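[1] Okay, here's the prediction I keep looking at, along with the sequence it came from:
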Amino acid sequence: MVGFHHCGQDEYLSMIEGYASFYKLKLAPEELRKRALAWAMDAAAVQAVAWQFIQDLAGELGQQLD
């Protein structure tokens, strides 16, 4: 079972930055933040999490997460 834990915006953005850095997703930091926040708002009904955003972004950018 996967657990989802509530976190604040700063923690969410920190996770996003960490994942994006680890997977070398090529996006300017300010654009990453803007898109992460917009994605979270769009996905609020399904409880957005950082990893789901990174998977979606990597697919959009045509990058594989190894």
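    Sure thing, it's come through. Residues are numbered from 1 along each chain as shown.

[2] Tell me how many other residues crowd residue 20.
    The burial metric for residue 20, expressed as a neighbour count using other Cβ atoms under 10 Å, is 20. In this view, the C-beta of every residue, glycine as well, is placed from N, C-alpha and C.

[3] Same question for residue 64.
    Under the criterion other Cβ under 10 Å, the count of neighbours that residue 64 has is 8.

[4] Could you do residue 54 as well?
    Taking other Cβ under 10 Å as the criterion, the count of residues near residue 54 is 22.

[5] What strand or helix carries it?
    For residue 54, the element it lies in under DSSP states H and E is helix 50-61.

[6] got the buried residues for that helix?
    50, 53, 54, 57, 58 (16 or more other Cβ atoms under 10 Å).

[7] What are the contacting residues of it?
    Applying Cβ atoms under 8 Å, 6 or more residues apart in numbering, the contact partners of helix 50-61 are 12, 15-16, 19-20, 23, 25-27, 35-36, 39-40, 43, 64-65.

[8] Look at residue 39 and report its pLDDT.
    The pLDDT attached to residue 39 in the predicted structure is 85.

[9] The one 10 residues further on now?
    You'll see residue 49 listed with a pLDDT of 72.

[10] What distance do you get for it to residue 6?
    Distance, residue 49 to residue 6, using Cβ to Cβ, to the nearest Å: 10 Å.

[11] And what about residue 63, helix, strand or coil?
    When the structure is reduced to helix, strand and coil (DSSP: H, G, I helix; E, B strand; the rest coil), residue 63 reads as coil.

[12] Next, count neighbours for it.
    A total of 13 residues lie near residue 63 under the criterion other Cβ under 10 Å.

[13] hang on, the earlier thing: so which of residue 49 and residue 6 has more stuff around it?
    Higher neighbour count among residue 49 and residue 6: residue 49, with 18 against 7, using other Cβ under 10 Å.

[14] List phi and psi for residue 19.
    Backbone torsions of residue 19, given as degrees, to the nearest 10, read phi -60, psi -50.

[15] Near it, how many other residues are there?
    What residue 19 shows, counting by other Cβ under 10 Å, is a neighbour count of 20.
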